[in-house]
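Q: How does the following fold in three dimensions:
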Amino acid sequence: LELYKDYHTADFVGHSGTMTFSLEQDYQAALDNRKGIPDFTVKVLKLIAEDDMVVVHWSAEGTNTGTNSYLPVASGKKLEAEGITIFRIRNGKIS
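A: Okay, the predicted model is just below:
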């Protein structure tokens with residue numbers, strides 16, 4: 001969590017669809033993800049920045065060799081995803 005705090009503002013709030021989440025919740029979700037997909041990697045495909053906003057088009061992949069809250073069985077299958085994340089930057093940190 002300390003590393004997360006180095007890159008995020010103290011009042012960070014994340015949004016995903018209709019959900020909002022805190023820095024602690026985002027960190028716990030990342031830890032949970034690593035339990036189910038220990039070799040998880042993300043590649044930046046495109047980066048666009050303007051004013052205080054940064055848009056990242058990314059792809060992610062890994063192998064489901066563990067279990068977590070949304071992967072209850074280690075299938076051994078390779079997982080792939082692609083998405084876009086929009087960050088607001090304040091004082092050099094993600095807010």
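Q: Do you know the pLDDT at the residue nearest in space to the middle of the chain?
A: Centroid check for the chain by Cα atoms, centre = their mean gives Ala30 as the closest residue, at 6.4 Å. Listed pLDDT for Ala30 reads 93.
Q: That one: what secondary structure?
A: Under the three-state scheme (DSSP: H, G, I helix; E, B strand; the rest coil), Ala30 adopts helix.
Q: Now do it against Gly76, distance only.
A: Look at Ala30 and Gly76: by Cβ to Cβ, to the nearest Å, they are 22 Å apart. Where C-beta positions appear, they are placed from N, C-alpha and C, glycine not excepted.
Q: The worst-scoring helix or strand of the chain on mean pLDDT - contacts with which helices or strands?
A: Between all helices and strands in the chain, the lowest mean by mean pLDDT, DSSP states H and E belongs to helix 2-7, at a mean of 86. Helices and strands in packing contact with helix 2-7 are listed as helix 23-36; criterion 3 or more Cβ pairs under 8 Å, 6 or more residues apart in numbering; DSSP states H and E.
Q: Figure out how far the helix it packs on is from the centre of its chain.
A: For helix 23-36, the distance from its own C-alpha centre to the chain's C-alpha centre is 8 Å (Cα atoms, centre = their mean, to the nearest Å).
Q: For that helix, enumerate the helices and strands it packs against.
A: Going by 3+ Cβ pairs under 8 Å, 6+ apart, helix 23-36 lies up against helix 2-7, strand 13-16.
Q: Just name the most buried of these.
A: Per-stretch averages of neighbours, counted by mean count of other Cβ atoms under 10 Å, single out strand 13-16 among the helices and strands packed on helix 23-36, with a mean of 12.
Q: So for stretch 49-68, first residue to last residue, what's the gap.
A: 34 Å (Cα to Cα, to the nearest Å).
Q: got the buried residues for it?
A: Within stretch 49-68, the residues scored as buried using 16 or more other Cβ atoms under 10 Å are Val56, Gly62, Thr63, Asn64, Asn68.
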